[in-house]
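Undergrad: please work out how this folds:
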Amino acid sequence: MLNARTRLFPVACAGLFVIGVGAFTATCSPSKPAPAPVTAPTSALWGEITPVVSVKELMRDLIDPIADNIFESVKIVVDHKGTVFTEPRTDADWDRVRVGAVTMAEAASLLKIQRPFAPPGDLNDSVGPEAPELSPDQIKAKLERDPVMWNARIQTLRNVGLAVLEIVKERNAEKLWDAGENLDTACENCHIDYWYPGDKALLQKLDRRLEELYGKRADRKQLGMTPRR
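TA: Have a look, this model is predicted:
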């Protein structure tokens, strides 16, 4: 019996080889390693972004103008002609708000790309005693000391854009009032930290005075005392 078994094995294996090479390979040969996964090219399509303008120019020419799509979407204007109440009503009105929200959410991330803080030769209003603004070098030094705060300010701005996108989906004009307030606060807090920190004490003093005059719900922006942005 042992001899018969020994003779039958190579015949069976040879039979598998004749029937199909695949069968022989699977049964009598070791399996081949799986091919390595194909990865998409990265350098050409997803390369580093080269900035075109400084932070100051990015704010002036992109972020600040597009913010008006949100700021101007709801407002109350009182003049000698009476009171005019504005809020988005038509598809075109809501489209404008949506453009502002998308641009704000995307443009905020551009502030994370390393770039100059001002154009060459522009020192902000930082020259002379008691200068009201920081120079580009001072802003850069402050960011490098605490990059977490810089990124937090950017994320806050981006979050406002994302929130407004949800408001557009709901077409809830009432929520735009709070969104505009949040956007104004995000801009003001960042500027107080990095542009004109000397105004912080002045604004705090003004807020305390308004609270004394009008109560805790007083708002300097509602009273026409909007800070620069």
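
Undergrad: give me the element residue 84 is part of.
TA: Assessed by DSSP states H and E, residue 84 sits inside strand 82-86.

Undergrad: partner strands of that strand and their direction?
TA: strand 75-79 (antiparallel) (DSSP bridges).

Undergrad: dump the strand it pairs with to PDB, keeping only the CA atoms.
TA: Extracted as PDB, the C-alpha positions of strand 75-79 are listed here (Å, rounded to 0.1, in the frame of the first residue of the first chain):
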ATOM      1  CA  LYS A  75     -29.600  95.500   8.300                       C
ATOM      2  CA  ILE A  76     -31.900  98.300   9.400                       C
ATOM      3  CA  VAL A  77     -31.200 101.800   8.100                       C
ATOM      4  CA  VAL A  78     -32.900 104.800   9.700                       C
ATOM      5  CA  ASP A  79     -32.600 108.200   8.100                       C
END
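
Undergrad: what about that strand, average pLDDT?
TA: The average pLDDT within strand 75-79 is 89.

Undergrad: buried stuff in the helix or strand containing residue 174?
TA: Per DSSP H and E: residue 174 is located in helix 173-194. Within helix 173-194, the residues scored as buried using 16 or more other Cβ atoms under 10 Å are 173, 175-176, 179-180, 182-184, 186-188, 190-194. The way it works is simple: take the backbone N, C-alpha and C, and place the C-beta from them, glycine included.

Undergrad: do a quick rundown of the helices in this structure.
TA: 2-19, 21-28, 55-58, 64-71, 91-110, 136-145, 147-170, 173-194, 199-214 (DSSP state H).

Undergrad: for the third one, output the C-alpha coordinates as PDB.
TA: Taking only C-alpha atoms (Å, rounded to 0.1, in the frame of the first residue of the first chain), the coordinates of helix 55-58 have been written out as PDB:
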ATOM      1  CA  VAL A  55      -1.800  89.100   4.500                       C
ATOM      2  CA  LYS A  56      -2.800  92.800   4.400                       C
ATOM      3  CA  GLU A  57      -3.600  92.600   0.700                       C
ATOM      4  CA  LEU A  58      -5.500  89.300   1.000                       C
END
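
Undergrad: who's in contact with that helix?
TA: Residues outside helix 55-58 that contact it (Cβ atoms under 8 Å, 6 or more residues apart in numbering) are 107, 110, 111, 115, 116, 117, 118, 119, 122, 124, 139.
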